[in-house]
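Trainee: model the following, please.
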Amino acid sequence: MEEKILKIISYNVDGLPLPKFMCSTGRDPKKATEFNAKYLNDSEADIIALQEDFGYHKILKEKISYEYKTIHSGSIPFGDGLSVFSRYPIFNVKRVEWCEANGILRDASDELTPKGFLYCAVEVMKGVYIDVYDLHADAAEADDDVRVRIKQFNQLLSFIESNSKDRAVIVLGDTNTRIGWENSKLRELFVEKHGFKDCWTECCLGGRYQKDMVKLDEYQPFEPDGWDNKFDSLDKVMFRNGKAVSFEALTHDYVKYGTEEEKKVCAELSDHSAAVVTVRMTVDRDALPGDNRVYNTETVNYARKYARRFCKFFKALGLIASDIPSLLKGGKIETK
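Mentor: Numbers count the residues shown, from 1 in each chain. As a prediction, this is how the structure comes out:
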């Protein structure tokens, strides 16, 4: 048997390309990204999965000195905001857009960028691969947000069952819900139906999964950074064992990056905390199944890339135009 300790981070970097004067908190997103990049580069994590990596990817790419990283998919409205940085080789990168989202100029405006999930295979040991899924689910709590978020989870799980059956899997990202919220379905879908374990529950609740759903208003006094592991955040790291490869959650922390001096410069580094996890991976090489999968590094098809961007741009314009009449009747623009 072989063992390896993996440190994994999931972090929504709040990289919306907005100028400082448009940020209600006085946040300077460019400067915040520079600070975030420093924290992530110094984290000594093995795998870093980001969400909302939109307008300032160049800074992250330059300052996070990891050898392996996914190719940026573009800013709003072209890209999904998902990126993976790794100390280990990354293969077979695939981005999948949600089949359904909710919100054009309200309910967090999720339809204006192709949010979804990013899949990749990471070779964490010679000849040993784990399948990593970085997701960003629909935001907000309107009835339609809750409905499509559950559909998105089912879409992701269906893909996992087709693509990663019997393989070791890490699912992480911004779920925009919590395992103890009413109607989140994280426990029912991921844990009970598909055999995942949630690192926060394993480490902070001793593996006792919440059966009595916690009402949304019970969380609110603790927002945004007062959970102290009493409540989980929107940011999750979950795992499922594969044949001959198993995981054990060792530690889980929600870390709010930024010193007081840094916050004076840019108000906040992100409206999320980073989910920082360590897991023990155990591999029985003698029991590893045969693997006939071909592992390819990521490349760019520029013709397809720019054709896709053209389509996304005009799709976003069309959605905005369709929503303006209702907005003029008293609606409020909501980007998150």
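
Trainee: my understanding was that residue 201 contacts residue 190; is that so?
Mentor: No: applying Cβ atoms under 8 Å, one finds residue 201 not in contact with residue 190, separated by 10.7 Å. C-betas here are computed from N, CA, C, even on glycine.

Trainee: gap between the most centrally placed residue in the chain and residue 59?
Mentor: Centroid-nearest residue in the chain: residue 173, 2.2 Å away (criterion: Cα atoms, centre = their mean). Relative to residue 59, residue 173 is positioned 21 Å away (Cβ to Cβ, to the nearest Å).

Trainee: can you check residue 7 too?
Mentor: Taking Cβ to Cβ, one finds residue 7 at 22 Å from residue 59.

Trainee: repeat that for residue 46.
Mentor: Residue 46 is 22 Å from residue 59, by Cβ to Cβ.

Trainee: number of nearby residues for residue 43?
Mentor: Residue 43 has 18 neighbouring residues, counting by other Cβ atoms under 10 Å.

Trainee: surely it and residue 9 touch.
Mentor: Yes: between residue 43 and residue 9 there is a contact under Cβ under 8 Å: 6.0 Å.

Trainee: ok so, going back, check the nearest residue to the residue nearest to the centre of the chain once chain neighbours are set aside and give its pLDDT.
Mentor: Nearest residue to residue 173 in three dimensions, chain neighbours excluded: residue 135, at 3.8 Å (Cβ to Cβ, 6 or more residues apart in numbering). Residue 135 is assigned a predicted lDDT (pLDDT) of 98.

Trainee: next SSE downstream of the one helix or strand residue 36 maps to?
Mentor: In the assignment (DSSP states H and E), residue 36 maps to helix 29-41. Counting by DSSP H and E, the element after helix 29-41 in chain order, helix or strand, is strand 47-51.

Trainee: which residues does that next one contact?
Mentor: In this structure, residues lying in contact with strand 47-51 by Cβ atoms under 8 Å, 6 or more residues apart in numbering are 6-13, 40, 60, 64, 66, 81-88, 118, 122, 132, 134-136, 170, 172-174.

Trainee: what's the first-to-last distance across stretch 191-203?
Mentor: With Cα to Cα, to the nearest Å as the measure, stretch 191-203 spans 15 Å from end to end.

Trainee: could you list the buried residues of that stretch?
Mentor: 191, 194, 196-203 (16 or more other Cβ atoms under 10 Å).

Trainee: residue ranges with poor pLDDT in the stretch 1-150 of the chain?
Mentor: Residue ranges of the stretch 1-150 of the chain with pLDDT under 70: 20-25, 105-108.

Trainee: for it, what spans make up the helices?
Mentor: With DSSP state H, counting those that start in this stretch as the criterion, the stretch 1-150 of the chain has helices at 29-41, 57-63, 143-163.

Trainee: how far off centre is the shortest one?
Mentor: It refers to helix 57-63. The chain centre lies 18 Å from the centre of helix 57-63; the measure is Cα atoms, centre = their mean, to the nearest Å.

Trainee: residues touching that helix, excluding its own?
Mentor: Contacts of helix 57-63 (Cβ under 8 Å, 6+ apart): 13, 15, 30, 33-34, 36-38, 40-41, 50, 53, 69, 72, 75, 83, 85.

Trainee: contacts for stretch 89-96, please.
Mentor: 68-71, 73, 80, 82, 84, 116-123, 129, 155, 159, 293, 295-298.

Trainee: show me just the buried residues among the residues you listed.
Mentor: 68-70, 73, 80, 82, 84, 116-123, 129, 155, 159.

Trainee: re earlier: for residue 121, see how far away the residue nearest to residue 173 is.
Mentor: Distance from residue 135 to residue 121, counting by Cβ to Cβ: 16 Å.

Trainee: thinking again about what came up before, quick check: bridge partners of the residue nearest to the centre of the chain?
Mentor: residue 135, residue 236 (DSSP bridges).

Trainee: shouldn't it be in contact with residue 152?
Mentor: No: under the criterion of Cβ under 8 Å, residue 173 makes no contact with residue 152, lying 11.1 Å away.

Trainee: need the residues touching each of those two.
Mentor: Residues within reach of residue 173 and of residue 152 at once, by Cβ under 8 Å, 6+ apart, are 135, 137.

Trainee: surely residue 185 touches residue 153?
Mentor: Yes: using Cβ under 8 Å, residue 185 makes contact with residue 153 at a distance of 6.3 Å.

Trainee: is residue 68 bridged to anything, and to what?
Mentor: Going by DSSP bridges, residue 68 forms beta bridges with residue 86.

Trainee: what's near enough to touch it?
Mentor: Shown in contact with residue 68 (Cβ under 8 Å, 6+ apart): 85-90.

Trainee: again, only this time at 6 Å
Mentor: Counting by Cβ atoms under 6 Å, 6 or more residues apart in numbering, residue 68 makes contact with 86, 89-90.

Trainee: now tabulate these in JSON lines and tack on distance to residue 236 and neighbour count.
Mentor: Formatted as JSON lines, these follow (distance: Cβ to Cβ, whole Å; neighbours: other Cβ atoms under 10 Å):
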{"residue": "86", "distance to residue 236": "19", "neighbour count": "22"}
{"residue": "89", "distance to residue 236": "25", "neighbour count": "15"}
{"residue": "90", "distance to residue 236": "21", "neighbour count": "22"}
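
Trainee: okay then, goodbye and thanks.
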